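Colleague: coords please:
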Amino acid sequence: MNFGPLTEVGDAHAIMERAHEVGINFFDTANGYGRQIYPGRTEEIIGEWFAKDAKNREKTVLATKVYGDMGQDWPNTSRLSALNIRRALDASLKRLQTDYVDLYQFHHVDRNTPWEEIWQAMEVAVQQGKVLYAGSSNFAGWHIAQAQEAAAKRNFNGLVSEQSLYNLIQRDVERELLPAAQAYGLGVIPWSPLHGGLLGGVIRKENEGVRRLEGRSKETLEKLRPQIEQYEAFADELGHEPGELALAWLLHQPAVTGPIVGPRTMEQLESAVRAVDIKLDEKSLTRLDEIFPGYKTAPEDYAW
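Modeller: Take a look at the predicted model:
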């Protein structure tokens, strides 16, 4: 989502090329990304890279999303109606310069469109060869149950993945979302694994004058400062960069397939890749739980 607004085209293409070099083949985007320039610009940048060399697309597991308003402010130009799914998918394929998407994700639950309509639209897209798999993002556990049960009645695959906000600071999904995903066999691909940079060594960067937070991020830092200070000290003790430790922790969670790293720069990509080689023992995982306590599965988390 940084491609376009924060990362210029040449750098974005170089980051994707480097990702392939190190073995990263799953690229996630959304139809609305690039909104600061105009909605869809990020997809265009990826499409321009695909157009450079057919192998770029062939080697990529491509995921995009549908739901958000694309600036038209008109009925059926957002969310998950059958008409919007059809139109939004065709528009994404055009911007991405490809004839199919590997994973088409619902960017948010749509409480006003019945699952029968959503799945009928996705069945058509799959039959047309425009989509291989469907995924969700920002769903609750019971939304996944609803979606999967409705799909099962239609003898349809349903969802194969869920993209949730999940990191050491924000662990609410441990109560119900992760158990639901595991029960239904969905892969979990967390977004914001560094919680907006708060797990990326923010206090050290602040002290060095490299970064200054404002607004909500600053308020959150002040609220969590004691925990984040402990966290950064523990990362130093282990000999890891804080951001790399946060990614490694996610990779140690049994429900997680892999976090969405969202690099803005080549340096950030290289740092993310190093997290793959970090092995955390039980003592280290327990210490991280002490700094940022998690949750038990419901109902044991609040009852028995």
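
Colleague: what about the longest helix along the chain, distance to the chain center?
Modeller: Taking DSSP state H as the criterion, the chain has its longest helix at helix 215-238. Here the centre of helix 215-238 is set off from its chain's centre by 22 Å, with CA atoms, centre = their mean, to the nearest Å.

Colleague: what's the distance between the residue in the chain sticking out farthest from the centre and Arg171?
Modeller: In the chain, counting by CA atoms, centre = their mean, Trp304 sits farthest out from the average C-alpha position, at 32.2 Å. Trp304 is 21 Å from Arg171, where distance means CB to CB, to the nearest Å. No exception for glycine: its C-beta is placed from N, CA and C like everyone else's.

Colleague: pull stretch 248-265 out as PDB, backbone CA atoms only.
Modeller: Presented in PDB, the C-alpha positions along stretch 248-265 are these (Å, rounded to 0.1, in the frame of the first residue of the first chain):
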ATOM      1  CA  ALA A 248       9.600 -13.400  14.200                       C
ATOM      2  CA  TRP A 249       7.100 -13.600  17.000                       C
ATOM      3  CA  LEU A 250       4.300 -13.700  14.500                       C
ATOM      4  CA  LEU A 251       6.000 -16.500  12.600                       C
ATOM      5  CA  HIS A 252       6.100 -18.500  15.800                       C
ATOM      6  CA  GLN A 253       2.300 -18.300  16.200                       C
ATOM      7  CA  PRO A 254       0.700 -21.600  15.000                       C
ATOM      8  CA  ALA A 255      -2.300 -19.900  13.300                       C
ATOM      9  CA  VAL A 256      -0.200 -17.500  11.300                       C
ATOM     10  CA  THR A 257       0.900 -18.300   7.700                       C
ATOM     11  CA  GLY A 258       2.900 -15.100   7.300                       C
ATOM     12  CA  PRO A 259       2.700 -11.400   8.100                       C
ATOM     13  CA  ILE A 260       2.100  -8.700   5.500                       C
ATOM     14  CA  VAL A 261       5.400  -6.700   5.900                       C
ATOM     15  CA  GLY A 262       4.500  -3.700   3.700                       C
ATOM     16  CA  PRO A 263       8.100  -2.300   3.000                       C
ATOM     17  CA  ARG A 264       8.400   1.300   2.100                       C
ATOM     18  CA  THR A 265      12.100   1.100   1.400                       C
END
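
Colleague: list the residues that contact the residue farthest from the centre of the chain.
Modeller: Trp304 makes no contacts at all, as judged by CB atoms under 8 Å, 6 or more residues apart in numbering.

Colleague: next, Ile15: secondary structure please.
Modeller: Per DSSP: H, G, I helix; E, B strand; the rest coil, the local secondary structure of Ile15 is helix.

Colleague: who's in contact with stretch 23-42?
Modeller: 1, 3-5, 16, 19, 43-46, 59-66, 68-71, 88, 91-92, 95, 105, 107, 163, 189, 258, 260, 273.

Colleague: and it, how far apart are its ends?
Modeller: 22 Å (CA to CA, to the nearest Å).
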